[in-house]
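Chemist: when you get a sec, could you give me coordinates for this:
(3 chains)
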Amino acid sequence: MPHVRTERCDGGYTIVWLQREPVNTMDLPFWRELSAALAAAEANPAVRGLIFASALKRSVFTAGNDIKELYAPRTSFDRYRKFWVESNQFLARLYRSPLVTLCAIRGACPAGGCCLSLCCDLRLMADGPGHIGLNEVAIGISVPLYWARLMARVIGQSAAERLCQFASLVGPQEAKELGLVDRLVPEAELLPAAESAMRSALALPDSGRALVKERLRGEFSREWEAYPAEEAVGAWQQLEDPATVKMLGAVLARLSGSSKRAKL
Amino acid sequence: MPHVRTERCDGGYTIVWLQREPVNTMDLPFWRELSAALAAAEANPAVRGLIFASALKRSVFTAGNDIKELYAPRTSFDRYRKFWVESNQFLARLYRSPLVTLCAIRGACPAGGCCLSLCCDLRLMADGPGHIGLNEVAIGISVPLYWARLMARVIGQSAAERLCQFASLVGPQEAKELGLVDRLVPEAELLPAAESAMRSALALPDSGRALVKERLRGEFSREWEAYPAEEAVGAWQQLEDPATVKMLGAVLARLSGSSKRAKL
Amino acid sequence: MPHVRTERCDGGYTIVWLQREPVNTMDLPFWRELSAALAAAEANPAVRGLIFASALKRSVFTAGNDIKELYAPRTSFDRYRKFWVESNQFLARLYRSPLVTLCAIRGACPAGGCCLSLCCDLRLMADGPGHIGLNEVAIGISVPLYWARLMARVIGQSAAERLCQFASLVGPQEAKELGLVDRLVPEAELLPAAESAMRSALALPDSGRALVKERLRGEFSREWEAYPAEEAVGAWQQLEDPATVKMLGAVLARLSGSSKRAKL
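Modeler: Residues are numbered from 1 along each chain as shown, chains lettered A, B, ... in the order given. Got it, this is the predicted structure:
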């Protein structure tokens, strides 16, 4: 069963459902499917917008990157580099996509899921249980360079520094106040609100909007897209460090020994 | 009758009245008069500050650029380039002017009027009907590069992207919350409040203030000033595109056929 | 008696007490002691965090730079350059320090004290009398380039321009709203709250946090560190200007003739 399912909607947009039970952990195939969904949408002139949403039973947008892709004893530099380049090239391309992109966040949205949402044009979050942030520091690794810079673009340098340095995951209310999400809606109205926002956006002609987006995001996006192969070298050294291996091993043990959701 | 009238005030400042009835549409002569007013004020050591205000009968600061300057069938590349260079060089110079610059916004303030206000040191807005924003996308053209970047400097990258991409015009309250304007005042108190803010600012010595402004704005302003001749080439291609011509033609027809105010 | 006293605390952090009665004016020896305290803490693996706090009797964090260091008739270019390089290299290094850095602000915090606090990871302010800002313009000199840029990183370009150009000192409530400080606490709880925030931060592993901080602040910090010797040349010209000498002389006369605290 694929990790990602796309649903074409009347009105010129597609919903990208994230459906890898139980918590949408993002491994290499997951990012590849996201890439493919984006490329297919961009290649289809009838599709003018994308909504990302979780199809999970529980209240989780995604738990973020699959720890197995980061745990050195279970992967290799070669595999890690592929994983890192694939995921970041998708994110960088999503950030400058000429499509209208919208993220409907229900529940937990740490790390990779947070970054995916920051690459969209608009973030709606269900006003219930849930949290969002780049919390990599909690397991002893750094927030990726462009993820932190992207957060700084969205909520300002100082707030991004504070959240990233202290691995803060914030609830919907604080996320709204910080500007990390644009709007809160009751959970039952999340998808209808997202579709309604999409229809409003698509009432405008595409030409000017796509140019503005390219102007405001193009340069940053292309720098980011060129960086992951280089970043993977230093990140791998960090992942091979015995202290990191020990910490990630403990996270994996905790995850496999319980039903608790991963927070990275 | 000139489009712009200047009024020297006691206390070392000048009010620049925008008075092109009915809605202060900004054509090439309008921008030239603004440039001349700025140059004259900067050349006069007795003038330390400028207030921009609308002298119109109705509640409009300005309706923005004159569509006739953008509608390819009624202009030429040569005229458009002159228009584009003149307007943007004025705006870029205003942004780094050593004078204290203040904008008193009453009513509608889309596109060019919004950009003019963003180039000032302080924006006061009447807390009545009115709206402000860079809404070029609504008529199928892009927000100019430095206009969008300037908005991002003022209200942050993410809010500027949202407003520009979705052609949003926001009312006074939302403008205040976003930081697009600095203060709201009742309409009857707009000019007195602006003059009072000007007098407070002029109570400080000019030397340090002008240096700080140059430090914080000089580099951005000079990049901007150098750019419009280059930008005009790509923008003209956009304006000659049949889809754009059709959209702008419809706007012109609507404007000439009714008393509705232009929103660009 | 030294201007600065360090207190080692259980839990891996040090409190740096500023104790130069009556108002912690920052002269060359003061900045040297701050530099030494930072270097000693960074060299000691048992120290993972620093808290800056005032040990003064009255409610003043610091009154900022000692006017005597800026008043041309009482100093020399050589002395001024040493002062300027020492103070700014300390600030630039503090900004990227791998330690968790926290500022507990009680009372007045203009100019140099404000900049010191902006270099920390977290700013707590007592919710009583007090103010904070970069108010150099009030005495006719410019806000230093990187001080103004740093404020723009923390509270955004537009708010920083407004505060710096108009020499605004804001009270705790407005400082919190602007994001100039992160949290307000009753004065009696200031130090306990700071220590509690420090212990929370130190509960996270250092490795990822220090990397994130370097990524987000390293480039800016190194540019800043390289700049003060160059900046001193232009600043000295400004300080030798007769109008500046007259203004600073008046400030000195006012300070020596009363118990009023210096605001720079």
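
Chemist: name the SS class of the residue most central in space within chain A, please.
Modeler: Compute the mean C-alpha point of chain A, and by Cα atoms, centre = their mean the closest residue is residue A:116, 2.0 Å away. The three-state label given to residue A:116 by DSSP: H, G, I helix; E, B strand; the rest coil is helix.

Chemist: so what's it up against?
Modeler: A:34, A:52, A:62, A:91, A:94, A:103 (Cβ atoms under 8 Å, 6 or more residues apart in numbering or on different chains). In short, each C-beta sits where N, CA and C put it, glycine included.

Chemist: could you dump the residues you listed to CSV with secondary structure?
Modeler: Shown next, in CSV, are these (three-state DSSP):
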residue, secondary structure
A:34, helix
A:52, strand
A:62, coil
A:91, helix
A:94, helix
A:103, strand
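
Chemist: could you identify the most distant pair in these?
Modeler: Of all pairs drawn from those, the one with the longest distance (Cβ to Cβ) is A:62 and A:94, at 14.2 Å.

Chemist: more neighbours: these two, which one.
Modeler: When residue A:62 and residue A:94 are compared for neighbours, residue A:62 comes out ahead with 28 against 23, by other Cβ atoms under 10 Å in any protein chain shown.

Chemist: pLDDT score assigned to that one?
Modeler: Per-residue confidence (pLDDT) for residue A:62: 98.

Chemist: for chain C, what are the nearby residues on chain A?
Modeler: Taking Cβ under 8 Å from any Cβ of the partner chain as the test, the list of chain A residues beside chain C reads A:136-143, A:145, A:148-149, A:152, A:156-162, A:164-167, A:238, A:241, A:243-244, A:247.

Chemist: and those, which are buried?
Modeler: Neighbour-count burial (16 or more other Cβ atoms under 10 Å in any protein chain shown) is assigned, among those, to A:136-143, A:145, A:148-149, A:152, A:156-162, A:164-167, A:238, A:244, A:247.

Chemist: what's the helix or strand hosting residue A:149 packed up against?
Modeler: In this structure, residue A:149 sits in helix A:145-155 according to DSSP states H and E. Here helix A:145-155 is seen to pack against helix A:77-96, helix A:111-118, helix A:157-165, helix A:206-225, helix B:157-165, helix C:206-225 when contacts are counted using 3 or more Cβ pairs under 8 Å, 6 or more residues apart in numbering or on different chains; DSSP states H and E.

Chemist: and stretch A:148-164, what's its mean pLDDT?
Modeler: pLDDT averaged over stretch A:148-164 equals 97, rounded to a whole number.

Chemist: straight-line length of it, end to end?
Modeler: Here the two ends of stretch A:148-164 are set 7 Å apart, with distance taken as Cα to Cα, to the nearest Å.

Chemist: which other residues reach it?
Modeler: For stretch A:148-164, contacts defined as Cβ under 8 Å, 6+ apart pick out A:95, A:114-115, A:118-119, A:133-134, A:136-137, A:143, A:168, A:170, A:178-180, A:220, A:224, B:156-158, C:121-122, C:153-156, C:179, C:182, C:212-213, C:215-217.

Chemist: residues near residue A:19, how many?
Modeler: One way to gauge burial is a neighbour count; for residue A:19, by other Cβ under 10 Å, it gives 16.

Chemist: so who does the nearest residue to residue A:12 once chain neighbours are set aside touch?
Modeler: On the basis of Cβ to Cβ, 6 or more residues apart in numbering or on different chains, the spatially nearest residue to residue A:12 that is not a chain neighbour turns out to be residue A:48, at 4.4 Å. Neighbouring residues of residue A:48 by Cβ under 8 Å, 6+ apart: A:12, A:13, A:99, A:100, A:202, A:206.

Chemist: doesn't residue A:172 make contact with residue A:133?
Modeler: No. The pair residue A:133 and residue A:172 does not pass the contact test of Cβ atoms under 8 Å, sitting 11.9 Å apart.

Chemist: so for those two, which sits in the more crowded spot?
Modeler: The neighbour count for residue A:133 versus residue A:172, taken as other Cβ under 10 Å, is higher for residue A:133 (26 against 23).

Chemist: what does chain A put close to chain B?
Modeler: For chain A, the residues in contact with chain B under the definition Cβ under 8 Å from any Cβ are A:121-122, A:153-156, A:179, A:182, A:200-201, A:204-205, A:207-209, A:211-213, A:215-217.

Chemist: list only buried entries from these.
Modeler: For those, a neighbour count by 16+ other Cβ under 10 Å gives the buried set as A:121-122, A:153-156, A:179, A:182, A:201, A:204-205, A:207-209, A:211-213, A:215-217.

Chemist: am I right that residue A:7 is in a strand?
Modeler: Yes. Residue assignment for residue A:7, taken from three-state DSSP, places it within a strand.

Chemist: could you measure from it over to residue A:235?
Modeler: Residue A:7 is 34 Å from residue A:235, where distance means Cβ to Cβ, to the nearest Å.

Chemist: between those two, which one's more packed in?
Modeler: More crowded of residue A:7 and residue A:235, by other Cβ under 10 Å: residue A:235, with 21 against 12.

Chemist: which SSE is that one in?
Modeler: helix A:228-240.

Chemist: tilt between that helix and helix C:206-225?
Modeler: Using axes from the mean of the first three to the mean of the last three Cα atoms, to 10 degrees, the direction of helix A:228-240 lies 130 degrees away from that of helix C:206-225.

Chemist: chain neighbours aside, what residue packs nearest to residue A:32?
Modeler: The spatial neighbour of residue A:32 that comes closest, neighbours along the chain excluded (Cβ to Cβ, 6+ apart), is residue A:86 at 6.0 Å.

Chemist: show me what contacts that neighbour?
Modeler: Neighbour list for residue A:86: A:28, A:31, A:32, A:35 [criterion: Cβ under 8 Å, 6+ apart].

Chemist: neighbour-wise, which of these leads?
Modeler: Among the contacts of residue A:86, where neighbours are counted by other Cβ under 10 Å, the top count belongs to residue A:31, at 27 neighbours.

Chemist: measure it to residue A:93 for me?
Modeler: Applying Cβ to Cβ, one obtains 12 Å for the distance of residue A:31 from residue A:93.

Chemist: ok, now residue A:196?
Modeler: Relative to residue A:93, residue A:196 is positioned 26 Å away (Cβ to Cβ).

Chemist: please apply the same query to residue A:122.
Modeler: When distances are taken as Cβ to Cβ, residue A:122 and residue A:93 turn out to be 18 Å apart.

Chemist: from the contacts of residue A:86, which is closest to chain B?
Modeler: residue A:35 (22.9 Å; Cβ to the nearest Cβ).

Chemist: and for residue A:5, the neighbour number?
Modeler: Neighbours of residue A:5 using other Cβ under 10 Å come to 14.

Chemist: show me what contacts it?
Modeler: Listed by Cβ under 8 Å, 6+ apart, the contact set of residue A:5 reads A:16, A:17, A:19, A:55.

Chemist: so how do I select the buried members of the residues you listed in PyMOL?
Modeler: To isolate the buried ones among the contacts of residue A:5 in PyMOL, judged by 16+ other Cβ under 10 Å, type:
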select buried, chain A and resi 16+17+19+55
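
Chemist: okay, the contacts of residue A:5 in a markdown table with pLDDT next?
Modeler: Formatted as a markdown table, the entries for these read as follows, by pLDDT from 0 to 100:
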| residue | pLDDT |
| --- | --- |
| A:16 | 98 |
| A:17 | 98 |
| A:19 | 98 |
| A:55 | 98 |
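
Chemist: among the contacts of residue A:5, which ones are in strands?
Modeler: Among those, DSSP state E puts A:16, A:17 in strands.

Chemist: nearest to chain B among the contacts of residue A:5?
Modeler: The shortest approach to chain B among the contacts of residue A:5 belongs to residue A:16, at 19.7 Å (Cβ to the nearest Cβ).

Chemist: wait, residue A:12 touches residue A:45, no?
Modeler: No. Using Cβ under 8 Å, residue A:12 makes no contact with residue A:45, being 9.6 Å away.

Chemist: more neighbours: which of those two?
Modeler: Neighbours per residue, other Cβ under 10 Å: of residue A:12 and residue A:45, the larger number sits with residue A:12, 18 against 7.

Chemist: what is the end-to-end distance of stretch A:107-122?
Modeler: Start to finish, the residues bounding stretch A:107-122 are 17 Å apart (Cα to Cα).
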